[in-house]
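Q: Here is the input, now give the coordinates:
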Amino acid sequence: MTKDKRKLWRLGGLLLGLAALLTAFAPAAHAQTKAKPKVLTVLDETKIDKQGPVHVVAFSSDGRFLAETDDNVHVWDLSEKEPKKYADLETRIAFGAYGLAFSPDGKWLVIGGADHNTRFWDMTATPPKEAYKLKDHVDNVNTIAFSPDGKLMASGGDDRAVLIWDVEGDKPKVKDTLRIDDAKREQHQVRWVAFSPNGKRLAVACRNGLVRTYDVSGGQVKPAQLYPLEKVHNPHITFSPDNRVLAVSGDKVVRLIGANFPLAGHTERTRSVAFAPDGKSLASVGEDGRIVLWDMTTGKALINKEKPGKFTSVAFAPLPAGAKPDAEMTLAASLESGGIWVLKLGYKDP
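A: Numbering: from 1, shown residues only. This is a model prediction of the structure:
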């Protein structure tokens, strides 16, 4: 065989090998081209009708119960397809109950109200019963939050105080008091408190948009960061599941502390925010009657639903341990005019 023929033979072998490789990988490449990420969508929606404004909503840790407040507190069972009334907690708080949270173990439903009391209802009793009514605040109690391990609880109010409660023992008791002192008393009323999912930080939001974070990881409460946010009024705050982002409502634009983009799309002031349990999206509701689900990667609106009325609060039901990445999620949003929208969300092929 001549030298030129040997070169042609080798070249032909290389070409055949390359063709075989292309044939082997072509189906995988084709499959990758066809595969598109699933899209978050509303699978179902139900409205719980009721008279009068609903101030705030909260889910139990297992997602079964939804609590909501007016002058009393009402608990709904969402374990069936249609929501069913589980209990009416006759608190009769003049001017309303605004703080509301279930303990992580499901034992307590804690209510803060305009009568300055913090009420602990035992949800393991049948029917639920009020175990303690404690007047440690000296003004309206606006917000309640539990640490993820259930050992601590925080409450905040118009008295410019955040109380840190020890809730491990038989009777809840205040172990620390944070004073938000300033000459402008009304501007520093505490509107919302939130623990980070890892339990290391506590965030406090004041009426004037001032957001503070505290380090609570070492058993003592230490100031960490201060974020003065302009144009923010009566904010709600929430941490992302990965602890990195703190979302703040109270303006037309949702502010994201820890992310480099705001969420713009509401036409009126936003009132409440809640991260989806998987952390991929954030829900915001506002005075424009919109429920918006935002993509936390791009900052774009994935879902934008408009309903009659002004929204007051939004919350996601926690997902059970070991839930699949594309598991269905439940969201509740309350209206100032009365009623609660319950949305089932899930991921579907585009």
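
Q: show me where the stretch 151-300 of the chain has strands.
A: Read by DSSP state E, counting those that start in this stretch, the stretch 151-300 of the chain holds these strands, from start to end of the chain: 152-157, 161-166, 173-179, 190-195, 201-206, 210-215, 222-228, 237-239, 246-248, 253-257, 263-264, 270-275, 281-286, 290-295.

Q: In CSV, list these along with distance to Asp70 and mean pLDDT.
A: Glycine gets a C-beta too; all of them are placed from N, C-alpha and C. Shown next, in CSV, are those (distance: least, C-beta to C-beta, whole Å; pLDDT from 0 to 100):
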stretch, distance to Asp70, mean pLDDT
strand 152-157, 19, 97
strand 161-166, 24, 96
strand 173-179, 27, 94
strand 190-195, 19, 97
strand 201-206, 23, 97
strand 210-215, 28, 95
strand 222-228, 32, 90
strand 237-239, 23, 98
strand 246-248, 26, 98
strand 253-257, 26, 97
strand 263-264, 29, 96
strand 270-275, 16, 98
strand 281-286, 18, 98
strand 290-295, 21, 98
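
Q: could those be laid out in TSV, adding distance to Asp77 and mean neighbour count?
A: Conversion of the strands of the stretch 151-300 of the chain to TSV gives the following (distance: least, C-beta to C-beta, whole Å; neighbours: other C-beta atoms under 10 Å):
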stretch	distance to Asp77	mean neighbour count
strand 152-157	24	26
strand 161-166	28	21
strand 173-179	31	14
strand 190-195	26	24
strand 201-206	31	24
strand 210-215	35	20
strand 222-228	38	12
strand 237-239	25	24
strand 246-248	29	25
strand 253-257	31	21
strand 263-264	33	18
strand 270-275	21	25
strand 281-286	22	26
strand 290-295	23	22
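
Q: want to throw those strands into CSV with distance to Lys84?
A: Formatted as CSV, the entries for these read as follows, by distance: least, C-beta to C-beta, whole Å:
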stretch, distance to Lys84
strand 152-157, 28
strand 161-166, 31
strand 173-179, 35
strand 190-195, 29
strand 201-206, 34
strand 210-215, 38
strand 222-228, 41
strand 237-239, 28
strand 246-248, 31
strand 253-257, 33
strand 263-264, 34
strand 270-275, 23
strand 281-286, 24
strand 290-295, 23
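
Q: and Phe146, how far is that from Ala264?
A: In this structure, Phe146 and Ala264 are 32 Å apart, going by C-beta to C-beta, to the nearest Å.

Q: scratch that, His137 is what I was asking about
A: When His137 is compared with Ala264 (using C-beta to C-beta), they lie 36 Å apart.

Q: low pLDDT regions in the stretch 1-150 of the chain?
A: Scanning the stretch 1-150 of the chain for pLDDT under 70 picks out the ranges 1-34.

Q: Now do the strands in it.
A: Applying DSSP E, counting those that start in this stretch to the stretch 1-150 of the chain gives strands spanning 39-48, 57-59, 65-69, 73-77, 84-89, 97-102, 108-113, 118-122, 129-134, 141-146.

Q: And the third one, what's buried?
A: Which is strand 65-69. Of the residues in strand 65-69, those with enough neighbours to count as buried (16 or more other C-beta atoms under 10 Å) are 65-69.

Q: Same question for the fourth one.
A: Burial within strand 73-77, assessed by neighbour count using 16+ other C-beta under 10 Å, is assigned to 73-76.

Q: Show me which of these is closest to Phe95.
A: Nearest to Phe95, judged by C-beta to C-beta, of the buried residues of strand 73-77 is Val73 at 14.3 Å.

Q: Quick check, central residue of this structure?
A: For the chain, Ala274 is the residue whose C-alpha lies nearest the centre (C-alpha atoms, centre = their mean; 2.7 Å).

Q: Asp105 versus that one, what's the distance?
A: 21 Å.

Q: follow-up on the earlier one: quick check: bridge partners of the residue nearest to the centre of the chain?
A: Beta-bridge partners for Ala274, by DSSP bridges, are Ala283.

Q: beta partners for Ala154?
A: Ala154 has these beta-bridge partners by DSSP bridges: Ala145, Ile164.

Q: Is it correct that Phe311 is in contact with Arg269?
A: No - here Phe311 does not reach Arg269: they are 10.5 Å apart, not a contact under C-beta atoms under 8 Å.

Q: If you count surrounding residues, which of these two has more?
A: Phe311 (26 against 19; other C-beta atoms under 10 Å).

Q: ok, for the more buried one, nearest residue in space, not its chain neighbours?
A: Here the nearest residue to Phe311 in space, its sequence neighbours aside, is Val285; by C-beta to C-beta, 6 or more residues apart in numbering that works out to 3.5 Å.
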